[in-house]
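**Student:** Sequence first, predicted coordinates after that:
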Amino acid sequence: MRLASLSSRSCAILLAAPALGWAAGDVLEEVVVTGTLRSQSWIEVPASVTVLDRRTLADAGQQHFEDVIGLTPNLNWAGGTSRPRYFQIRGIGEREQYEGAPNMSVGFLIDDIDFSGLGMPATLFDVGRIEVLRGPQGTRYGANALAGLIVVNGNEPLDEPHYSVEASAGEYGTRAAGLTATGPVEALDSAWRLSVQQYRSDGFMHNTYLGRDDTNDRDELTARLKWRWQPSEDTTLDLTLLHADFDNGYDAWAIDNSRVTLSDRPGRDAQRATGASARLVTTAWAPYTLTLIGSYADSQSINSFDADWGNPQSWAPYTYDYFVRAERDRNTGSLELRLASEQAAPGSGPAWLFGLYALRLEEDGRDLQLGAFADPAFPEDASTSEDSLASAYAATNLAAFGQVDGWLGERWRWSAGLRLEQRRARYDDLGLVGGDVVAHDLSARDRMVGGQLSLSTDISADATWYTSLSRGYKAGGFNLGNVPTDKRHFEPEYLWNLESGYKRRLADGRGLFDVALFYQWRRDLQVRTGEQLDPANPGTYTFVTDNLARGYNTGVEASLRYALTPTLEVGGSLGLLRSRSSGALSEEGEPIPAREQAHAPEYTAAAHATWRHPTGFMARVDVTATDNFYFDVPTDHDMQSRAYTLVNLRLGYEQNQGDAFRWSAYLWARNLFDQDYAVRGFFFSNEPPDWETKLYIQRGEPRQVGVTAVVNF
């Protein structure tokens, strides 16, 4: 009842907005979706898609993809890291990967480079667009996109010289500087683009034991080089080199859930990644188009933290000291080939596309847990521990896929896609845990089938209705550590998605509106639960992935952009979600209670207004709202976050020179009303001597005010 009531009220607000009236002004730019197998106009894509263009990212964002997550309906994320890495689309997605082999539900691409599960390098500096494709991408991307796909693309090289310098300063010691340069190389029929940015912030935590305000700091360097070569009119080669060096602190947890920490050994959350991609598109064999995409990424990450969150003074008279460090070295390489005919047109035959795909992922891990505990009342029970584990994981994905598109008369379009994929994975490790030598040598092979069927009709020149049925999948894997034999392996998950939507251009292109309804069936859904094996040792908190029999996720998504006047644009988005799962966590286990899935808020909403005056002054306000959600799968607790609303404000002056800004200056405030909210939570014991099980949360960012200046020449 709550979901239906909120849905009707919110959709009424979105639909009523255009009736407020408008004056003649510029139409909104045509939105093109590039993350699909064929680039298509937004109104022609038979799926629920959000496209954040360059202007939206500049106005609503500040530094990182984290800043604009709230603009996308039914997109959430989980903390536990210094920057978001783990995302949930329509309630489906990982919440952490502290141990075990990588196995993602949400694909994440940056300039064609696979960073699934490693989304930290997604800064907004010199980024041209972000696309969020909701629902299984069973034909487009396969095993790593059961829930959806996030595509981040940097700005493209220009044929004319252009340079830009940007600097920012703000509270909490925030400062940033960036440079962008682009231009042609006419002798080589090429153009290039280089962007570099350094960002630093002391963070939002205060460590009273060490007397420092920078134990949760951010030190982030990103650099991107693009080269576009056009040896002929029918051939284009795009090369991208990306480097990110994030050396962030990690001191985000406090015993009293405040922003004041007591840790004596703050951790780090660091990632150094270098990636490259090449995309060749040629119509030399017209009417066919050949596309070749290759990518490679080398990422080293370190995640460490003070597991007891305290120090000798705070835990006296007890000795309680634990530290955890995890290192990961990941290499990914992919190659994709597509051969496509011309796009279908009314009265012509079907258009087809065929492709092959290969992905190789290798990850080496090194884990270390140090600990000591002593109770002065029982000195004979004092203990120390030094557990270590070295692991190696490798997986190879091979896939063949195809898509056929056609017309039925002048108004009806249809599309059918199929993907066949095989995944081979191998994992082995060797370590010392609890004084015992542990070793695993595991392997698995999964064959999976995905695809989609869709039917669309052009209601008018500016309106489209579609219905689609798609199937996605996620590969199985292994559980590690001290788990029962029947839980060592878990099976692949399959998801059917039935979706129907309506898209419309409003008032001769001055507005865009879309709404989609979806119902997803999940079979053998993979759930990840946590358990603390020893209440006196926070390092024994382990995670186990298991299969539940079934589940469903259903809801509504809507978005609106509308130019009310030549100077004022308004818009918003709404995501409504209801999710349930059923089954037992093992063959002999008790059924879990039916309730919402973890990190699956029943609503996410956003509204914005952007004003730009011909004199150069501008203002934008964003309001985002997120419902409460459960932190974990139901086991022995029902702890939830609280619903929250965030307000962001941006005021500025932009001196125009033609269609570009010569220089601009902005005053911005994020989380204007300093709303407290949680981005991750765990329920366990971490306080001697009673070891009471409690909810501990990681807080989101507080209010931050700053300024930014940009000079173009």
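**Tutor:** Received it, and whenever you're ready, just let me know what you need.
**Student:** Now the lengthiest strand in the chain: buried residues?
**Tutor:** Ranked by number of residues, the top strand in the chain under DSSP state E is strand 378-408. In terms of neighbour count (16 or more other CB atoms under 10 Å), strand 378-408 has its buried residues at 385, 387, 389, 391, 393-395, 397, 399, 401-407. All C-beta spots, glycine's among them, are computed from the backbone N, C-alpha and C.
**Student:** swap in stretch 274-291?
**Tutor:** For stretch 274-291, by 16+ other CB under 10 Å, it's Thr274, Gly275, Ala276, Ser277, Ala278, Arg279, Leu280, Thr282, Thr283, Thr289, Thr291.
**Student:** Dump the host helix or strand of the first one to PDB, keeping only the CA atoms.
**Tutor:** According to DSSP states H and E, Thr274 maps onto strand 267-282. This file holds the C-alpha atoms of strand 267-282, laid out as PDB (Å, rounded to 0.1, in the frame of the first residue of the first chain):
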ATOM      1  CA  GLY A 267      44.200   2.100   7.900                       C
ATOM      2  CA  ARG A 268      44.600   2.900   4.200                       C
ATOM      3  CA  ASP A 269      42.300   2.500   1.300                       C
ATOM      4  CA  ALA A 270      44.600   2.800  -1.700                       C
ATOM      5  CA  GLN A 271      44.300   1.900  -5.300                       C
ATOM      6  CA  ARG A 272      46.800   2.400  -8.100                       C
ATOM      7  CA  ALA A 273      45.400   1.600 -11.500                       C
ATOM      8  CA  THR A 274      46.700   1.900 -15.100                       C
ATOM      9  CA  GLY A 275      44.500   1.000 -18.000                       C
ATOM     10  CA  ALA A 276      44.400   1.300 -21.700                       C
ATOM     11  CA  SER A 277      41.700   0.700 -24.300                       C
ATOM     12  CA  ALA A 278      41.500   0.800 -28.100                       C
ATOM     13  CA  ARG A 279      38.300   1.100 -30.200                       C
ATOM     14  CA  LEU A 280      38.400   0.600 -34.000                       C
ATOM     15  CA  VAL A 281      35.200   1.400 -36.000                       C
ATOM     16  CA  THR A 282      35.300   1.000 -39.700                       C
END
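**Student:** Beyond the longest strand of the chain, next helix or strand please.
**Tutor:** That would be, after strand 378-408 and using DSSP H and E, strand 412-433.
**Student:** Low-confidence regions, the protein specifically.
**Tutor:** Applying pLDDT under 70 to the chain flags residues 1-26, 98-100, 480-485, 530-541, 583-593, 634-637, 657-661.
**Student:** now the helices for the chain?
**Tutor:** Listed in chain order, the helices of the chain (DSSP state H) span residues 2-16, 54-60, 312-315.
**Student:** how deep is the nearest residue to Arg680 once chain neighbours are set aside tucked in, by neighbour count?
**Tutor:** Once flanking residues are discounted, Arg680 sits nearest to Gly79: 3.4 Å by CB to CB, 6 or more residues apart in numbering. Counted with other CB atoms under 10 Å, the neighbours of Gly79 add up to 21.
**Student:** Look up how far Asn553 lies from Gly79.
**Tutor:** Using CB to CB, to the nearest Å, one obtains 22 Å as the distance from Gly79 to Asn553.
**Student:** again with Glu687
**Tutor:** The value you get for Glu687 to Asn553, if CB to CB is used, is 36 Å.
**Student:** what does Met639 give?
**Tutor:** 21 Å.
**Student:** Those two - which one has more neighbours?
**Tutor:** Asn553 (26 against 15).
**Student:** Identify the residues contacting the more buried one.
**Tutor:** Arg90, Gly91, Ile92, Phe518, Tyr519, Gln520, Arg522, Leu577, Arg578, Ser579, Gln597, Ala600 (CB atoms under 8 Å, 6 or more residues apart in numbering).
**Student:** nearest residue to the second one other than its sequence neighbours?
**Tutor:** Computed as CB to CB, 6+ apart, the closest residue to Gly91 that is not its neighbour in sequence is Ala600, at 3.0 Å.
**Student:** What is the neighbour count of the one you found?
**Tutor:** With other CB under 10 Å as criterion, Ala600 counts 24.
**Student:** Kindly report the same for Arg272.
**Tutor:** Neighbour number of Arg272 under other CB under 10 Å is 16.
**Student:** okay, now the closest residue to Ser664 other than its chain neighbours: neighbour count?
**Tutor:** The spatially closest residue to Ser664, leaving aside those adjacent along the chain, is Glu654, at 4.1 Å (CB to CB, 6+ apart). Residues contacting Glu654 under the criterion other CB under 10 Å number 19.
**Student:** again, but for Gln197
**Tutor:** Neighbours of Gln197 using other CB under 10 Å come to 21.
**Student:** ok, it - contacts?
**Tutor:** Thr123, Phe125, Asp126, Glu166, Ala176, Ala177, Gly178, Leu179, Leu221, Thr222, Ala223.
**Student:** who does the closest residue to it other than its chain neighbours bridge with?
**Tutor:** Distances taken as CB to CB, 6+ apart put Gly178 closest to Gln197, at 3.4 Å, once the chain neighbours are dropped. Beta-bridge partners recorded for Gly178 (DSSP bridges): Glu166, Gln197.
**Student:** Over to Leu646?
**Tutor:** Assigned bridge partners for Leu646, using DSSP bridges, are Thr624.
**Student:** Isn't it up against Asp674?
**Tutor:** No. Using CB atoms under 8 Å, Leu646 is not in contact with Asp674; the gap is 9.9 Å.
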